[in-house]
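Undergrad: Sharing a model prediction with you, sequence too.
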Amino acid sequence: MPAYRECIVSSGKVVVLGIVCADVIARPVNGIPERGLLVPIDQLELHTGGCATNVGIDLARLGIACSVLGKIGRDGFGDFILQTLEQEGVDTRGLRREDGVQTAATVVLVAPDGERSFLHCLGANAMFVSEDVDMGLVRSADILVVAGSLLMPKFDGEPTAEVLRGARECGTVTLLDTAWDASGRWMKSIETCLPFCDYFLPSEAEAAMLSGVTEPETMAASFVAHGARNVIIKLGDRGCLLRTEDGVIEHVAAPAVSVVDTTGAGDAFVAGFTVGLVHGWDASRCAHLAVTVGAMCVTATGASSGVRSFAETVQAMERGGLM
């Protein structure tokens with residue numbers, strides 16, 4: 001199989017803007033040890049993480065040229081992220097480095113069933129501001145993905161909306177993906193962005209907090225009422241709910257897989273959906289590809305290790321399951 005970078009196509013340029021961090025993954029973890037105790041585990045690994053990093057790497061592995069825009073520190077984690085992105089064939093010209101701040105990092109505690117808990121340091125992501133965005137790259141893109149909104153406190157809200165607005169004015173297709181908002185701002189940060197979103201892709205838990213309702217179809221309707229054109233609610237192992245700008249609602253099932261680690265599954269879903277758009281597919285076919293990429297992701301440890309080539313992924317999608 002050729003290296004991922006040899007498979008990357010030049011058409012359909014994608015820019016991914018958002019959180020960038022390093023993931024220290026520990027598994028299996030049944031709980032936090034009592035103070036002063038040492039508990040042995042089977043694996044402790046360092047991976048790239050953060051929504052923008054994950055989506056960028058997944059896009060490259062699926063054959064799509066992309067740039068990642070974000071901020072890292074001048075430290076070991078930052079060096080690791082930069083080197084890994086370049087090795088994967090991702091354009092890092094829009095990745096800013098800042099002295100005096102540490103690269104964002106997450107300790108990912110993976111339970112025996114694959115579910116995760118997180119200890120997260122915002123680091124450089126907390127310092128990301130509008131001035132860090134290379135609007136030249138954004139305006140030249142066919143697609144802009146904002147990945148990890150709600151974890152960039154100086155960029156969330158109106159600054160994000162302005163970047164989305166600028167992209168839309170240039171004919172760029174816009175996607176917005178959220179993360180869990182520990183600060184509790186939720187819709188206060190998102191509502192100004194939704195009128196400039198061609199596709200809004202929150203998880204079910206995030207969508208419930210944003211909308212104040214618990215039924216996915218009602219969640220989607222709420223986001224459309226706030227201006228989003230198309231809404232995709234990620235439902236984990238249940239797939240997703242798609243509501244198009246024409247009002248068509250579709251439930252897309254995810255293929256059944258043996259779960260190893262769910263880290264990065266939502267980001268893989270976003271990458272899959274984006275790849276479909278690059279190839280000119282309609283939203284329904286994009287959603288089917290997205291759930292397939294998400295399912296592949298959870299079959300290996302790390303946010304991108306399970307993602308396969310575009311050809312393998314399409315084959316899996318068309319036969320309705322992985323092999």
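TA: Noted; the coordinates are in hand.

Undergrad: Quick check: chain neighbours aside, which residue is closest to residue 167?
TA: residue 144 (4.5 Å; CB to CB, 6 or more residues apart in numbering). Every C-beta, even on glycine, is put in place using the N, C-alpha and C of the backbone.

Undergrad: that's a strand at the one you found, yeah?
TA: Yes: looking at residue 144 with DSSP: H, G, I helix; E, B strand; the rest coil, it is inside a strand.

Undergrad: That one: neighbour count?
TA: Residue 144 has 27 neighbours, counted by other CB atoms under 10 Å.

Undergrad: cool, and residue 81?
TA: Residues near residue 81, counting by other CB under 10 Å, number 28.

Undergrad: Now for it: which residues touch it?
TA: Neighbouring residues of residue 81 by CB atoms under 8 Å, 6 or more residues apart in numbering: 20, 21, 22, 48, 53, 72, 103.

Undergrad: what is the residue nearest to residue 167 paired to in the beta sheet?
TA: Judged by DSSP bridges, the bridge partners of residue 144 are residue 15, residue 174.

Undergrad: Show the pLDDT at it.
TA: We have a pLDDT of 97 for residue 144.

Undergrad: didn't it look like it was pressed against residue 171?
TA: No: Residue 144 is beyond contact range of residue 171, at 10.9 Å (criterion: CB atoms under 8 Å).

Undergrad: picking that back up, next up, the contacts around the residue nearest to residue 167.
TA: Here residue 144 is in contact with 14, 15, 17, 138, 163, 164, 167, 172, 173, 174, 175 (CB under 8 Å, 6+ apart).

Undergrad: Quick one: buried ones out of the residues you listed?
TA: Neighbour counting by 16 or more other CB atoms under 10 Å classes 14, 15, 17, 138, 163, 164, 167, 172, 173, 174, 175 among the contacts of residue 144 as buried.

Undergrad: does the fifth one count as helix, strand or coil?
TA: Going back to what we said before, that points to residue 163. helix.

Undergrad: Run through the residues that contact it.
TA: Neighbouring residues of residue 163 by CB under 8 Å, 6+ apart: 17, 130, 133, 135, 138, 144, 146.

Undergrad: Nearest to residue 77 among the buried ones among the contacts of residue 144?
TA: The closest of the buried ones among the contacts of residue 144 to residue 77 turns out to be residue 17 (CB to CB; 19.5 Å).

Undergrad: Tell me, how many residues neighbour the nearest residue to that closest one once chain neighbours are set aside?
TA: Using CB to CB, 6+ apart and skipping residues adjacent in sequence, the residue nearest residue 17 is residue 69, 4.2 Å away. Using other CB under 10 Å, residue 69 has 29 neighbouring residues.

Undergrad: Determine the three-state secondary structure at residue 69.
TA: For residue 69, the assignment made with three-state DSSP gives strand.

Undergrad: Next one: residue 270, what pLDDT does it get?
TA: Residue 270 carries a pLDDT value of 98.

Undergrad: distance of the residue most central in space within the chain from residue 249?
TA: For the chain, the residue sitting closest to the mean C-alpha position, by CA atoms, centre = their mean, is residue 267 at 2.9 Å. Distance of residue 267 to residue 249, given as CB to CB, to the nearest Å: 24 Å.

Undergrad: again with residue 211
TA: Distance, residue 211 to residue 249, by CB to CB: 15 Å.

Undergrad: More neighbours: which of the two?
TA: Between residue 211 and residue 249, counting by other CB under 10 Å, residue 211 is the more crowded of the two (23 against 13).

Undergrad: Would you agree that one is in contact with residue 219?
TA: Yes: using CB under 8 Å, residue 211 is in contact with residue 219, at 4.6 Å.

Undergrad: secondary structure element for the residue nearest to the centre of the chain?
TA: Assigned by DSSP states H and E, residue 267 belongs to helix 265-278.

Undergrad: What's the first helix or strand after that helix?
TA: Next along from helix 265-278, by DSSP H and E: helix 283-297.

Undergrad: got the angle between that following helix and helix 265-278?
TA: 140 degrees (axes from the mean of the first three to the mean of the last three CA atoms, to 10 degrees).

Undergrad: mind listing the strands for the stretch 101-250 of the chain?
TA: 105-110, 116-121, 143-149, 173-178, 199-200, 230-234, 240-243, 249-252 (DSSP state E, counting those that start in this stretch).

Undergrad: what residues does the shortest one touch?
TA: In other words, strand 199-200. Under the contact criterion CB under 8 Å, 6+ apart, strand 199-200 has outside partners 173-176, 194, 223, 228-232, 273, 277, 283.

Undergrad: That one: partners in the sheet, and parallel or antiparallel?
TA: Here strand 199-200 is paired, per DSSP bridges, with strand 173-178 (parallel), strand 230-234 (parallel).

Undergrad: So what's the model's average confidence on the longest one?
TA: To tie it back to what came earlier, the one meant is strand 173-178. The predicted model gives strand 173-178 an average pLDDT of 97.
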